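**Student:** Predicted model and sequence below, questions to follow.
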Amino acid sequence: QKEVEQNSGPLSVPEGAIASLNCTYSDRVSQSFFWYRQYSGKSPELIMSIYSNGDKEDGRFTAQLNKASQYVSLLIRDSQPSDSATYLCAVISRAAGNKLTFGGGTRVLVKP
Amino acid sequence: KAGVTQTPRYLIKTRGQQVTLSCSPISGHRSVSWYQQTPGQGLQFLFEYFSETQRNKGNFPGRFSGRQFSNSRSEMNVSTLELGDSALYLCASSLASQAGTDTQYFGPGTRLTVL
């Protein structure tokens, strides 16, 4: 089992709709969770971090964390063509020596 | 505040050669981590340096090495290059204020092609 798992996609959403991305992790004592966006040929850029159970909103993005079920999700509201990218979920786990472990990423395509 | 910078941005080498990549972290950031990204394997952790010491290491062969200088700048070296080393090498820096919670910020990467 991979430490951090994401559906590779592509997730196709119409412009203006909500894109919902999911990520599951295997280490129950994971403590910090991040979502990064990566455009083709570019480096990852941080969207947001979340550390506690519940929702965290930042503009059109909402991260949701459920430690009991070991998943973290990202919602993109009012999706725009510029949101078309690969979204990477990353987790810091004490069991992994506090290093940042990435999922394989979900490719999102927003169609006008 | 300037972001993470990496040099060179692009590099072409042949098998058997060695290469050194450089990373300058965001001012005030003390931790530098290196990652390899390939289409098949995704983003994989190489190593992390903090206060000139390797604090964490991924599962890569000894051909991959790194170091950090007193100004937090870091270099990574790959010796005896193989075709499979062709990848985007990413550097990320963080404050390292509290282990296990740090947010990492990535540089633009170095695209290495091994022929």
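**Tutor:** Yep, it's here.

**Student:** Which helix or strand in chain B has the lowest average pLDDT?
**Tutor:** strand B:53-57 (a mean of 90; mean pLDDT, DSSP states H and E).

**Student:** If you count neighbours, what's buried in that strand?
**Tutor:** For strand B:53-57, the neighbour count (16 or more other C-beta atoms under 10 Å in any protein chain shown) marks B:55-56 as buried. Heads up, the C-betas are built off the backbone N, CA and C, glycines and all.

**Student:** Then stretch B:3-20?
**Tutor:** Residues of stretch B:3-20 classed as buried: B:4-6, B:13, B:19 (neighbour count, 16+ other C-beta under 10 Å).

**Student:** Nearest to B:T110 among those residues?
**Tutor:** B:T110 lies nearest to B:Q6 out of the buried residues of stretch B:3-20, by C-beta to C-beta, at 5.3 Å.

**Student:** for that closest one, what are its contacts?
**Tutor:** With contacts defined as C-beta atoms under 8 Å, 6 or more residues apart in numbering or on different chains, the neighbours of B:Q6 are B:21-24, B:89-91, B:107-110.

**Student:** that older thread, can you tell me which of the buried residues of stretch B:3-20 end up in strands?
**Tutor:** Judged by DSSP state E, strands contain the following of these: B:5-6, B:13, B:19.

**Student:** from those residues, which two are the most distant?
**Tutor:** B:T5 and B:K13 (21.0 Å).

**Student:** ok, back up a step: mind putting the buried residues of stretch B:3-20 in JSON lines, pLDDT included?
**Tutor:** Output for the buried residues of stretch B:3-20, formatted as JSON lines (pLDDT from 0 to 100):
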{"residue": "B:V4", "pLDDT": "97"}
{"residue": "B:T5", "pLDDT": "97"}
{"residue": "B:Q6", "pLDDT": "98"}
{"residue": "B:K13", "pLDDT": "97"}
{"residue": "B:V19", "pLDDT": "98"}
